[in-house]
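A.B. asks: mind folding the following:
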Amino acid sequence: MKSKRHLKIINIIKDEDISTQEELVARLHEAGIDVTQATISRDIKRLGLIKVPNGRGGYKYSLPNERSQGDVYNWLRRMFQDFVVDMDYSENIILLKTLPGTAMGLGSAIDNAEWDGVIGSVAGDDTLLLVTKPKERTEEIFHKMEKLLL
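C.D. replies: Take a look at the predicted model:
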């Protein structure tokens, strides 16, 4: 799945200095994701990755300093539409049921988006719990998430 691969790419470039597409392909292969250099080239463009100095005379891939609100919204919307199969909430917890194997990726995306009012997530294989604060905002946040499914 493209969204899962994109999330893995983001995590790799946050954790490691990756300077070439070939290095990124190799790291994805090590992670069990079969991908070609051509696909990575398209992913880099779609994610808006840039090259920045690595401090050792070379360059590495990085996320742009600022992603537009539209980019983040569209990314989350795509993930919600691809992964979420059911939602509910109570008090200050929102429960998202997802396709098997996608809850962790979606939780990481929500955490990285720094969604106002969501203070953290706990993910299993196909279930994601989001903790909200203050609890009076839970319903409002839930309805914003529902809109991502449309």
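A.B. asks: any idea of the pLDDT on Gln69?
C.D. replies: You'll see Gln69 listed with a pLDDT of 55.
A.B. asks: for Ile141, that is, sorry about that
C.D. replies: On the pLDDT scale, Ile141 gets 96.
A.B. asks: just Ile110 next, same as before
C.D. replies: 87.
A.B. asks: Three-state assignment for it, please.
C.D. replies: Secondary structure, DSSP: H, G, I helix; E, B strand; the rest coil: Ile110 is helix.
A.B. asks: tell me the contacts of it?
C.D. replies: 76, 118, 121, 128, 130 (Cβ atoms under 8 Å, 6 or more residues apart in numbering). Placement of C-beta: from N, CA and C, glycine included.
A.B. asks: what's the closest non-adjacent residue to the most centrally placed residue in the chain?
C.D. replies: Taking Cα atoms, centre = their mean, the centroid of the chain lies closest to Ala109, which sits 2.9 Å from it. Nearest residue to Ala109, sequence neighbours excluded (Cβ to Cβ, 6 or more residues apart in numbering): Met79, at 5.4 Å.
A.B. asks: can you name every helix or strand that the helix or strand hosting that neighbour contacts?
C.D. replies: Taking DSSP states H and E as the definition, Met79 sits inside helix 69-83. Other helices and strands packing on helix 69-83, by 3 or more Cβ pairs under 8 Å, 6 or more residues apart in numbering; DSSP states H and E, are helix 2-15, helix 103-113, helix 138-148.
A.B. asks: identify whichever of those helices lies nearest to Arg46.
C.D. replies: helix 2-15 (7.3 Å; Cβ to Cβ).
A.B. asks: just how off-centre is the closest one within its chain?
C.D. replies: From the chain centre to the centre of helix 2-15 is a distance of 7 Å (Cα atoms, centre = their mean, to the nearest Å).
A.B. asks: would you tell me what the next helix or strand after it is?
C.D. replies: Helix 2-15 is succeeded, C-terminally, by helix 21-30 (DSSP H and E).
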